[in-house]
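Undergrad: Next come a sequence and a model predicted from it.
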Amino acid sequence: MQGLGFFYALLPWLRKVSGDGFKDACHRHLGYFNTNPYMSPYVLGVVSRLEEEGKGEESVKARNSLMGPLGAMGDSYYWATLLPVTVLLSIALSFFWMAAAPVVFLLIYNTVHLRNRWTYLNRGYLNAHSPLEGASDLNGKVFSRNMERMATPLLGFILGVAAFGTRTPGISFIIFGVAFVMFRRQWRVPAIFALLVTLGTLLGFLGTNMRIPWSG
Amino acid sequence: MTGVLAKIILSAFIAGILSVDRNAFGQFQLSRPMVSALIMGVVLGCPVEGAVVGLIYELLFLGSLPAGSFIPYHPLFPSLISVLLIGMYEGPRGQMEIVGLAVLLGVPTAFLDRAVNVRWRRSNERAFHRAMVYLRLGRTDLVQLQHVLSALRAGLFHGVSFLLTGAILVLFFNALLKSFEYLPERFAIIAMVPFFIGLAALGSDRTARKGWKGFTLGLALGAGIGIWKAIP
């Protein structure tokens, strides 16, 4: 998966520290590697330090043992928390200043992950001898919890503005309500989509004054 | 005709570059529809519609997350295709009425996007095996080259697929509008459907985890602002 990329990033360091064992070091680290892409600098830090100290086999063990936990940690933090919250924040902002929404989204998201990547690399290098202990609370539990708390009010806010900002708040709530109940009943997205598009088309034919929320 | 073709080629080029960001380099989230649709909108001369399409797709696909090795449906192709269709339309009606129809035609291309992504990943496996052979021969420079080529291949695969899909859908879209004159007005409501489905998907997930208190508070505040904005 990401084995080639990991090797590409590590190669200049291996050239510098491996000396005569460069070829063996290359064979050790061109292999299977798959974790959350934002968390990989931590593994790079750990492996770099261990290779520098000549502990090649230990570095392979550390790499293999870190992939899974870091993948789970990164997925829940970046994909399930940071991304949705920054997107929702930007959408909420777009109701007042549409042009600023993508800029704010890119600014917040990229500042957080670029800062974190640098921190992970350093922390990996410093905690190379106890990598799993060093990886606990890499993303800050308090920050993650607060980010997650923001999501639900933001969702409500967007629904409120989007629905009541139109001439047809009733229809907006009908669509939202029907979809919400279907999701709770474990319906699949294509089925919900097909049903609501049909419903929307029928409503479109019946109503004459329906406009999308931002058309003014 | 040359203008249309040039626009489609330019769009395919943008799709290729953005897919490199998404798959192979950086992951700066330039491929999120909020950003990519706006970029495409600016290039094709319809930035407002691009931004609206971006927001719709953002909500619709926000729950589609790449957890573990699962390859999710990504809104890059659908959002760009929708903006391309809007940008190509030069009819007499207001552009906003086209948004609903363009979104409806764009959504199914998420399947294509995923198929291309899977294909690219398979080609990466072959690149990896080639890299192993080069390493055995002691050619680390060629191993590095395989990595660079793999990133470029992401752009090529997505760009070419987008070019073909875009060309077919633009033709279909124009034929559809010529055959059914009042179709876009009937479909204006459809643009709202994905937006509210996206909200419902997230609402269902988040309220189950965090309860209704925050959601209701946000809804009350949003409703107040919405009503205030709606008053002429």
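TA: Received the coordinates, thanks.

Undergrad: Contact partners for the closest residue to A:F95 other than its chain neighbours?
TA: For A:F95, ignoring the flanking residues on the chain, the nearest one in space by CB to CB, 6 or more residues apart in numbering or on different chains is A:V161 at 4.9 Å. To be clear about C-beta, it is placed using only N, CA and C from the backbone, and glycine gets the same treatment. Neighbouring residues of A:V161 by CB atoms under 8 Å, 6 or more residues apart in numbering or on different chains: A:92, A:95, B:222-223, B:225-226, B:229.

Undergrad: taking the residues you listed one by one, which sit in helices?
TA: Judged by DSSP state H, the subset of the contacts of A:V161 located in helices is A:92, B:222-223, B:225-226, B:229.

Undergrad: Serialize these to JSON lines and add fields for neighbour count, distance to A:P153 and pLDDT.
TA: JSON lines is the format used below for those (neighbours: other CB atoms under 10 Å in any protein chain shown; distance: CB to CB, whole Å; pLDDT from 0 to 100):
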{"residue": "A:A92", "neighbour count": "20", "distance to A:P153": "10", "pLDDT": "87"}
{"residue": "B:G222", "neighbour count": "25", "distance to A:P153": "9", "pLDDT": "84"}
{"residue": "B:A223", "neighbour count": "19", "distance to A:P153": "13", "pLDDT": "83"}
{"residue": "B:I225", "neighbour count": "18", "distance to A:P153": "13", "pLDDT": "84"}
{"residue": "B:G226", "neighbour count": "24", "distance to A:P153": "15", "pLDDT": "80"}
{"residue": "B:K229", "neighbour count": "13", "distance to A:P153": "19", "pLDDT": "74"}
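
Undergrad: Go through the residues you listed and name the one nearest B:A131.
TA: A:A92 (45.0 Å; CB to CB).

Undergrad: Now do the same contact list for the closest residue in space to A:G21 that isn't next to it in sequence.
TA: Nearest residue to A:G21, sequence neighbours excluded (CB to CB, 6+ apart): A:G56, at 7.1 Å. Residues in contact with A:G56 (CB under 8 Å, 6+ apart) are A:21, A:24-25, A:28, A:50.

Undergrad: And A:G56, how far from A:R63?
TA: 11 Å (CB to CB, to the nearest Å).

Undergrad: re the thing from before, test for you: state the pLDDT assigned to the residue nearest to A:G21.
TA: Turning to A:G56, the model gives it a pLDDT of 81.

Undergrad: Can you tell me how far it is from A:S18?
TA: For A:G56, the distance to A:S18 - CB to CB - is 8 Å.

Undergrad: Pull up the overlap in contacts between those two.
TA: Shared contacts of A:G56 and A:S18, defined by CB under 8 Å, 6+ apart, are found at A:24-25.

Undergrad: centre of the chain versus the helix or strand hosting B:G155, how much separation?
TA: Secondary structure from DSSP states H and E places B:G155 in helix B:140-179. On the basis of CA atoms, centre = their mean, to the nearest Å, helix B:140-179 sits 13 Å off its chain's mean C-alpha point.

Undergrad: Next SSE downstream of the helix or strand of chain B with the lowest mean pLDDT?
TA: Using mean pLDDT, DSSP states H and E, helix B:183-187 stands out as the lowest-scoring helix or strand of chain B, at a mean of 62. Downstream of helix B:183-187, the first helix or strand assigned by DSSP H and E is helix B:192-210.

Undergrad: any idea how far B:F13 is from chain A?
TA: 20 Å (CB to the nearest CB, to the nearest Å).

Undergrad: do B:V118 as well
TA: 13 Å.

Undergrad: Secondary structure element holding that residue?
TA: helix B:109-136.

Undergrad: Show the model's pLDDT score for the residue lying closest to A:F180 once chain neighbours are set aside.
TA: Closest residue in space to A:F180, ignoring its immediate chain neighbours: B:A200 at 4.1 Å, by CB to CB, 6+ apart. Turning to B:A200, the model gives it a pLDDT of 84.

Undergrad: Could I get the contacting residues of B:A200?
TA: A:175-177, A:179-180, A:182-183.

Undergrad: The same query, at a cut-off of 10 Å, please.
TA: Shown in contact with B:A200 (CB atoms under 10 Å, 6 or more residues apart in numbering or on different chains): A:155, A:159, A:175-184, A:192, A:196, B:59.

Undergrad: if we can go back for a sec, can you redo the contacts of A:G56 as TSV, where the extra columns are secondary structure, distance to B:A6 and neighbour count?
TA: What follows is the contacts of A:G56, written out as TSV (DSSP: H, G, I helix; E, B strand; the rest coil; distance: CB to CB, whole Å; neighbours: other CB atoms under 10 Å in any protein chain shown):
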residue	secondary structure	distance to B:A6	neighbour count
A:G21	helix	54	14
A:D24	helix	53	12
A:A25	helix	49	22
A:R28	helix	50	20
A:L50	helix	53	22
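
Undergrad: now check stretch B:224-232, is it near chain A?
TA: Yes - in terms of CB under 10 Å from any CB of the partner chain, part of stretch B:224-232 sits within range of chain A, namely B:224-230.

Undergrad: Now compare those and name the two farthest from each other.
TA: By the measure CB to CB, B:G224 and B:A230 form the most distant pair in the residues of stretch B:224-232 next to chain A, at 11.0 Å.

Undergrad: So for the two, which residues contact both of them?
TA: A:161, A:164.

Undergrad: And the helices in chain A, which stretches?
TA: A:3-17, A:22-29, A:40-52, A:56-74, A:83-94, A:100-126, A:131-135, A:141-164, A:169-184, A:189-206.

Undergrad: May I have the phi/psi pair for the residue nearest the centre of chain B?
TA: Among the residues of chain B, B:L76 comes closest to the average C-alpha position under CA atoms, centre = their mean, at 2.4 Å. When read as degrees, to the nearest 10, the backbone of B:L76 gives phi -60, psi -60.

Undergrad: just checking, it touches B:A37?
TA: Yes - counting by CB atoms under 10 Å, B:L76 touches B:A37, with 9.3 Å between them.

Undergrad: any residues in contact with both of these two?
TA: Common contacts of B:L76 and B:A37 (CB under 10 Å, 6+ apart): B:Y57.

Undergrad: intersection of neighbour lists for A:G56 and A:R63?
TA: By CB under 10 Å, 6+ apart, A:G56 and A:R63 have these common neighbours: A:28-29, A:47, A:50.

Undergrad: Where does the prediction get shaky in chain B?
TA: Within chain B, the segments meeting pLDDT under 70 span B:1, B:67-68, B:92-96, B:181-191, B:209-210, B:231-232.

Undergrad: Find the closest residue to chain A in it.
TA: Closest contact between chain B and chain A, by CB to the nearest CB, is at B:G222 (2.2 Å).

Undergrad: isn't that residue right next to A:S172, touching?
TA: No - taking contacts as CB under 10 Å, B:G222 lies outside contact range of A:S172: 11.7 Å.
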